[in-house]
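*Asks:* fold the stuff below for me.
(2 chains)
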Amino acid sequence: MPNSDDFRIKRIHGMLLEMARGNFFYSLEPSEENDNISSLIVMLNMVNEEIRASFVHQGFANAHHTPQCIIQLSLLMASNGSIVMVSNSTCSLLSCLPKDIIGKPVTKLMSDMSQKKWDKKVPKLLRKSRAETVLQLEFKTSEGLLLSKSCNVSVFQTLDGTGQKILLDTVFFTKGEPFGKGMMKNTLMVTKGTKDHKVPMSQGDIQIIRDVHDMIINNLEKDLPKLKELALQMGTN
Amino acid sequence: MMLQNGKEMSVLCDIREVRKVDKPARDYFALEGSLWIKALAFLIDPPVTDVISSFYLGTHPSKMPTRSFTDRTKALAFLETAMILVALLWIGDFADF
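*Replies:* Okay, the predicted model is just below:
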């Protein structure tokens, strides 16, 4: 069933829907088959990776869209790997409810490859009272999409001496809501102490400032234009 | 790269059984991984590895002669020809200098 054409097409639809919603965190599980649907899955995963990478790059390199929102995937586990606590964002990323995963082994959420990696590495960490490592793990959502990320895995002793716990966490960046909502969105605070210290700026003003920023960055080898020339060219005043 | 030990070579890359190449692997191969490659031929088994090689070549353009083949003999012949061309170009550059 997991390798039937219908099943794989449904997974592709799910992935495309997530991409259409602006969610590029997920990927599709590659199959062993060598057919047209498998080639489509491979292509979709690679396109998705390129888009995701370009967003993060722009986020850090371009001041217009710095990542504002961090989604944290956190799982707290007992030493046997059964999940004790999850954050809401984890449930949202894995498309499940806390009650569906609390008490279950964490490996149930992972792909086969990641299960093997987990079973090999974590027992070694548990031999120490406190240890930390980074593992590249693939999680499976309830809809069958894959979530692949480097995760920080920490092993520690509980304060009450009841034994060891395992903490797994990683973060995802999104653009999210850049600034405040409503009136705050259109208002920029400039100088403290002045009577009328809030200068309302329209979206148009902000766009002009960004255009001027881009124009300066793209013409670094040239002298800056005079204010009058700039006003005529870019519409500033 | 350990096998090459700093020597430039032509490379036949048999990817017929590959089912996944993630972005860090593609990016690494395109930069550091290609440092000592003079010519590259991918041996593919369509459609999956055809998509992988086409995507890689489309997103990581390279100056070195690179092509995909389903036939091993043709791939090796391409590498031989490419090496001759590379040598001729190198001689041409040296003569200009």
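*Asks:* residue A:105 against residue A:78, yeah?
*Replies:* No - in this structure residue A:105 lies outside contact range of residue A:78 using C-beta atoms under 8 Å: 9.8 Å. C-betas here are computed from N, CA, C, even on glycine.
*Asks:* around chain A, pick out the residues from chain B.
*Replies:* B:19-23, B:26, B:45-52, B:55, B:59 (C-beta under 8 Å from any C-beta of the partner chain).
*Asks:* may I ask you to name the longest helix in chain A?
*Replies:* Longest helix in chain A by number of residues (criterion: DSSP state H): helix A:36-61.
*Asks:* in chain B, where is pLDDT below threshold?
*Replies:* Confidence mapping of chain B against pLDDT under 70 gives the ranges B:94-97.
*Asks:* one more time with 90, if that's ok
*Replies:* For chain B, the stretches flagged by pLDDT under 90 are B:1-9, B:30-36, B:60-64, B:83-97.
*Asks:* strands of that one, residue ranges please.
*Replies:* Listed in chain order, the strands of chain B (DSSP state E) span B:9-14, B:37-43, B:66-69.
*Asks:* next up, the contacts around the most centrally placed residue in chain B.
*Replies:* For chain B, residue B:40 is the residue whose C-alpha lies nearest the centre (C-alpha atoms, centre = their mean; 2.0 Å). Listed by C-beta atoms under 8 Å, 6 or more residues apart in numbering or on different chains, the contact partners of residue B:40 are B:10-11, B:13, B:34, B:62, B:64-66.
*Asks:* residues contacting the residue lying closest to residue A:41 once chain neighbours are set aside?
*Replies:* What sits nearest to residue A:41 in space, not counting adjacent residues and going by C-beta to C-beta, 6 or more residues apart in numbering or on different chains, is residue A:28, at 4.8 Å. Counting by C-beta under 8 Å, 6+ apart, residue A:28 touches A:11-12, A:15, A:41, A:44-45, A:145-146.
*Asks:* what's the domain layout of chain A?
*Replies:* As recorded under automatic domain parsing, the domains making up chain A are A:5-65, A:69-174, A:182-234.
*Asks:* got these as CSV, with distance to residue B:84 and mean pLDDT columns?
*Replies:* CSV is the format used below for the domains of chain A (distance: least, C-beta to C-beta, whole Å; pLDDT from 0 to 100):
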stretch, distance to residue B:84, mean pLDDT
domain A:5-65, 33, 83
domain A:69-174, 42, 91
domain A:182-234, 42, 70
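*Asks:* relative to residue B:85, which of those domains is closest?
*Replies:* Closest approach to residue B:85 among the domains of chain A (C-beta to C-beta): domain A:5-65, 30.0 Å.
*Asks:* sounds good, over and out.
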